[in-house]
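J.: mind folding the following:
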Amino acid sequence: MSPYPLHTILFLDIETVSQYPVFGEVPGEWQDLWRHKAEAFNRDKTPLTPEELYGRAAIYAEFGKIICISCGVLSGPPAERKLSLKSFCGDDEIEVLQQFYELLHKWGSEGQKYLCAHNGKDFDFPYLCRRMVIHGMKVPSVLNLSGKKPWEVPHIDTMELWKFGEYKNYISLNLLAHALGVPTPKDDIDGSQVGEIYWVQRDLPRIVTYCQKDVITVAQVYLRIHGETQVRPENISIK
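T.: Model prediction:
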């Protein structure tokens, strides 16, 4: 069984893109900073230019931005377990973060609460904190680890759960779901295509759908790891 009450866990996923559609539109000083960053990538025999590497800017909080945050909460008894989803998205990152902040404030106001994401400790959680700090926002208590002891950290990572103490193992959410027999929603995109869909196709709703599907998979994987009853598709709703 889950060591935490299921209703106290907020499952989440974020989607990020570079702050500018192409390297040529990046301000001069930031171009120099990205060139310096890109040097660390060019260790193979066929080095790429900073322009060619700019797609990777999305994964670094200093060069990227958040365009979608999707969340999910569980409720109900095992036989009728429900998963309710809500997303915050848009071109204005400050507005997206503010809406998410308000959700955390309301949701986490009573009792101990937890955040769960796949690779969340290495990506989602620190990325959210860094972007909030960059925009001069207060970091919510449930995200802020400052002063917390290891056993007080309210962060759950499905990748870490699957490691079972191993340090070097990396596994994608899709592979983990398939290994555990967790049905994954079929989709026509993957994370590497988010930047093009946002900047070129201008199809943010498609990205939101992709993000929500990842939240569903994270929640189902968490339940599966702990031997809990899965959520039936008809019991998944979007607010």
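J.: pLDDT score assigned to the closest residue to residue 235 other than its chain neighbours?
T.: In space, and not counting its chain neighbours, residue 235 is closest to residue 82: 4.6 Å by Cβ to Cβ, 6 or more residues apart in numbering. For glycine as for every other residue, the C-beta is placed from the backbone atoms N, C-alpha and C. pLDDT recorded at residue 82 is 97.
J.: just give me the neighbour total for residue 82.
T.: 15 (other Cβ atoms under 10 Å).
J.: right, and it touches residue 231 too?
T.: Yes - if you go by Cβ atoms under 8 Å, residue 82 and residue 231 touch, sitting 6.7 Å apart.
J.: got the phi/psi numbers for the residue lying closest to residue 90 once chain neighbours are set aside?
T.: Among residues not flanking residue 90 along the chain, residue 96 sits closest, at 5.4 Å (Cβ to Cβ, 6+ apart). Main-chain torsions, residue 96, degrees, to the nearest 10: phi -60, psi -50.
J.: ok, the residue nearest to residue 235 to residue 239 distance?
T.: 12 Å (Cβ to Cβ, to the nearest Å).
J.: show me the contacts for residue 54.
T.: Neighbouring residues of residue 54 by Cβ atoms under 8 Å, 6 or more residues apart in numbering: 18, 22, 23, 26, 34.
J.: packing partners of the lowest-mean-pLDDT helix or strand in the chain?
T.: Every helix and strand in the chain was compared by mean pLDDT, DSSP states H and E; the lowest is helix 50-53, with a mean of 90. If you count contacts as 3 or more Cβ pairs under 8 Å, 6 or more residues apart in numbering; DSSP states H and E, helix 50-53 packs onto helix 28-38.
J.: so, low pLDDT: which residues of the protein?
T.: Residue ranges of the chain with pLDDT under 70: 43-46, 109, 186.
J.: mind listing the helices for it?
T.: 28-38, 50-53, 93-107, 124-134, 158-163, 173-179, 194-199, 204-225 (DSSP state H).
J.: closest to residue 11 out of the ones you listed?
T.: Nearest of the helices of the chain to residue 11, taken as Cβ to Cβ: helix 204-225 at 4.5 Å.
J.: list the buried residues of the closest one.
T.: 204, 206-224 (16 or more other Cβ atoms under 10 Å).
J.: can you check stretch 96-106 too?
T.: Buried residues in stretch 96-106 (16+ other Cβ under 10 Å): 96, 97, 99, 100, 101, 103, 104.
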